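A.B. asks: for reference, the sequence and a predicted model appear below.
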Amino acid sequence: MHTNHTITVPRTAHYSTIGEAGPHTRYFWIACHGYGQLAQNFIRPFHSIAAADTFILAPEGLSRFYWGGFTGEPVASWMTRAGRLHEIADYSNYLTTLYDTFLARMPADVRIILLGFSQGCATQMRWAMRAFPAFHQLIFWAGSIPEDLDYRPRLDYFSGKDLHYVYGLEDPFITSERVAQQRSLIQSYGLQVLEHTFQGKHVVEEKTLKRLADLIRQSSPGARVT
């Protein structure tokens, strides 16, 4: 008979950035990739919204593996069903550390945008429901919010914040049935979510990303609408 144990140890995490965090920063994006991606590749479409007043942070999942066997490209994942509670705790602590580190360099009125793509959607929402970081916009892109969380006791936390659901009309993973399930789940928990679609597949599409970034700028206090 054997006994399984856990131990918490320091480890090295990876992340990619665009821009510099400082007193000039007005927009702070935290973008979490999907299953089987690396931050250094996932962040590339975000160059389309790069600006002098914008800092973009793409954390990378703590678990790396080879895609397609031992000779495949190294990729990362946020969690699996094995030891899931420990993995959720680990990546939540990791995201909080990054968040606190960079937020301390920015002005108090910086606008904070959380974006999750595919598996990153659940990652962002689980972190939000665990750590309750301050934010202004939460974007679920081509993914789903977790069904095992009860959002109703925390509706005050989401009040006054903009939530967005984005997906491509040609995305093989986002079927009409899955969209309907998401709408029903969101409605049942009393969340208010704006829906956006684009002609494309399971990707962060740059034109749609730019439109969202422009929308966020226009909705910011003191923003000049052009």
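C.D. replies: Received the coordinates, thanks.
A.B. asks: in this protein, where is pLDDT below threshold?
C.D. replies: 221-226 (pLDDT under 70).
A.B. asks: elements contacting the longest helix seen in it?
C.D. replies: Longest helix of the chain, by residue count under DSSP state H: helix 84-103. If contacts are counted by 3 or more Cβ pairs under 8 Å, 6 or more residues apart in numbering; DSSP states H and E, helix 84-103 sits against strand 27-32, strand 54-59, helix 119-131. (C-beta placed from N, C-alpha, C; glycine too.)
A.B. asks: try it again at 6 Å.
C.D. replies: Under the contact definition 3 or more Cβ pairs under 6 Å, 6 or more residues apart in numbering; DSSP states H and E, helix 84-103 sits against helix 119-131.
A.B. asks: buried residues in the helix it packs on, which are they?
C.D. replies: Within helix 119-131, the residues that count as buried by 16 or more other Cβ atoms under 10 Å are Gln119, Gly120, Cys121, Ala122, Thr123, Gln124, Met125, Arg126, Trp127, Ala128, Met129, Arg130.
A.B. asks: then the longest helix of the chain to CSV, C-alphas only?
C.D. replies: What follows is helix 84-103, C-alpha atoms only, in CSV (Å, rounded to 0.1, in the frame of the first residue of the first chain):
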residue,chain,number,x,y,z
ARG,A,84,-7.0,20.0,-10.5
LEU,A,85,-7.5,21.8,-7.2
HIS,A,86,-3.7,22.1,-6.6
GLU,A,87,-3.2,23.3,-10.2
ILE,A,88,-5.9,25.9,-9.9
ALA,A,89,-4.3,27.1,-6.7
ASP,A,90,-0.9,27.2,-8.3
TYR,A,91,-1.9,29.2,-11.4
SER,A,92,-4.1,31.5,-9.3
ASN,A,93,-1.1,32.3,-7.1
TYR,A,94,1.1,32.8,-10.1
LEU,A,95,-1.4,35.1,-11.8
THR,A,96,-1.8,37.1,-8.6
THR,A,97,1.9,37.5,-8.3
LEU,A,98,2.2,38.8,-11.9
TYR,A,99,-0.8,41.1,-11.5
ASP,A,100,0.5,42.6,-8.2
THR,A,101,4.0,43.0,-9.6
PHE,A,102,3.0,45.0,-12.7
LEU,A,103,0.0,46.8,-11.3
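A.B. asks: now do it against strand 54-59: the angle between them, please.
C.D. replies: Orientation of helix 84-103 against strand 54-59 (axes from the mean of the first three to the mean of the last three Cα atoms, to 10 degrees) gives an angle of 150 degrees.
A.B. asks: which positions within helix 84-103 qualify as buried?
C.D. replies: Neighbour count says helix 84-103 has Glu87, Ile88, Asp90, Tyr91, Ser92, Tyr94, Leu95, Leu98, Tyr99, Phe102, Leu103 buried, by 16+ other Cβ under 10 Å.
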